[in-house]
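1. The sequence and its predicted three-dimensional model are supplied below.
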Amino acid sequence: MLELRHLRTLIALRDAGSLVEAAERVHLTQSALSHQIKDLEERLGSPLFLRKSKPVEFTRAGTRLLTLAEQVLPQVRMAERDLARLAGNEQGRLHMAIECHSCFQWLMPTVDHFRDHWPEVEIDIPGGHHFDPLPALVREQLDLVITADPQPLPGIHYEPLFRYEGLLAVARQHPLAGHTFVTPEELAEETLITYPVEHSRLDVFTQFLDPAGVHPREVRTAELTIMMMQLVASGRGVCALPNWALTEYLERDYVKAVALGEKGVWSTLFAAIREETRGAPWMEDFLRTARETSFAVLEGIRPA
């Protein structure tokens, strides 16, 4: 009567808070997910959640199955890892680089969780490297690169992790602070603060300013997100960051956030890996852990 997919669906429904987002997380259409839940409810003879409730409100039967899912799914995951070890596929090396200055918020919990379950896999995030990460991945100097800028390279696979929206952070007293969205032309007289990377790797340029033929009055750089926020809050400029990187500053009312354009600017974050490691159990588990951790700790992201 019960299958693991049912338990995973209920967890996704609880975490996402709606059928639409839950369907995205389990890679089904909303219609297919609705049919799956309805079929299970008919087998059980009981509804599992209250329709049209937001966030989703589970019935007693639904709550009981959620409790079961929380107990069973981690055990299944652990058994899968153990079986991979018994098959002799546990050895590996995971040296990674990050082309994303604000990714440590979700990457560090991912690495900690992964290390607990795969202690035999060598993990390292080398710092101060003076080479391009993606070509280094091809040369086997690295094993994984977190990037939002995939490039066609031989033998490299890009695994989508999640989608995120880029937002413009402005000071609370800034004239744009009360806007729902900003147009490219409205940034022509602004100082834009960015991380010290090429403009070709920044979504605010490639997806927003460049297509409109607009360039800000001045561009200055800062190494750390907190430095950027201090500059923005003091009225020294504006900056575009992923929505999750702004969450804590918005909650503290330190800055305000405005969408980039009426439809917003959405991008996908990828894990770049070599094809030869794609099927390794430890690599599959790392990618799965990265997705699960991201949705657990970040707000405003969507399934890729």
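-> Received, thanks.
2. Find the centremost residue of this protein, please.
-> Residue closest to the mean C-alpha point of the chain, counted by C-alpha atoms, centre = their mean, is Phe162 at 4.1 Å.
3. In which helix or strand does it reside?
-> strand 156-170 (DSSP states H and E).
4. Packing partners of that strand?
-> The contact analysis (3 or more C-beta pairs under 8 Å, 6 or more residues apart in numbering; DSSP states H and E) places strand 156-170 against helix 133-138, helix 225-233, strand 238-242, helix 243-251, strand 256-260, strand 265-274, helix 281-297. In this view, the C-beta of every residue, glycine as well, is placed from N, C-alpha and C.
5. Which secondary structure elements does the second one sit against?
-> Applying 3+ C-beta pairs under 8 Å, 6+ apart, one finds that helix 225-233 makes contact with strand 156-170, strand 191-194, strand 238-242.
6. What pairs with the very next helix or strand once past the longest one, parallel or antiparallel?
-> It refers to strand 156-170. Per DSSP H and E, the first helix or strand lying C-terminal to strand 156-170 is strand 181-182. Sheet pairing for strand 181-182, assigned by DSSP bridges, gives strand 256-260 (parallel).
7. what angle sits between the strand it pairs with and helix 225-233?
-> Using axes from the mean of the first three to the mean of the last three C-alpha atoms, to 10 degrees, the inter-axis angle of strand 256-260 relative to helix 225-233 is 90 degrees.
8. for the stretch 1-150 of the chain, which spans come out with low pLDDT?
-> Within the stretch 1-150 of the chain, the ranges that satisfy pLDDT under 70 run 84-91, 127-131.
9. in it, which spans are strands?
-> Using DSSP state E, counting those that start in this stretch, the strands of the stretch 1-150 of the chain run over residues 49-50, 57-58, 92-98, 121-124, 144-147.
10. Okay, buried residues for the strand holding Phe162 please.
-> Of all the residues in strand 156-170, those buried under the rule 16 or more other C-beta atoms under 10 Å are 156, 158-159, 161-162, 164-170.
11. Out of the helices and strands packed on helix 225-233, the one nearest Thr63 is which?
-> Among the helices and strands packed on helix 225-233, the nearest to Thr63 by C-beta to C-beta is strand 156-170 (27.6 Å).
12. Extract the CA atoms of the closest one and return them as PDB.
-> Extracted C-alpha coordinates of strand 156-170, given in PDB (Å, rounded to 0.1, in the frame of the first residue of the first chain):
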ATOM      1  CA  ILE A 156      32.300  17.800 -18.200                       C
ATOM      2  CA  HIS A 157      28.700  17.300 -17.000                       C
ATOM      3  CA  TYR A 158      26.700  20.100 -15.400                       C
ATOM      4  CA  GLU A 159      24.300  18.900 -12.700                       C
ATOM      5  CA  PRO A 160      21.700  21.600 -11.900                       C
ATOM      6  CA  LEU A 161      21.300  22.200  -8.200                       C
ATOM      7  CA  PHE A 162      18.600  24.900  -7.900                       C
ATOM      8  CA  ARG A 163      17.300  28.100  -9.400                       C
ATOM      9  CA  TYR A 164      17.600  31.500  -7.700                       C
ATOM     10  CA  GLU A 165      16.600  35.100  -8.300                       C
ATOM     11  CA  GLY A 166      19.100  37.900  -8.400                       C
ATOM     12  CA  LEU A 167      17.900  41.000  -6.500                       C
ATOM     13  CA  LEU A 168      19.200  44.500  -6.300                       C
ATOM     14  CA  ALA A 169      20.100  45.600  -2.700                       C
ATOM     15  CA  VAL A 170      19.700  49.400  -2.000                       C
END
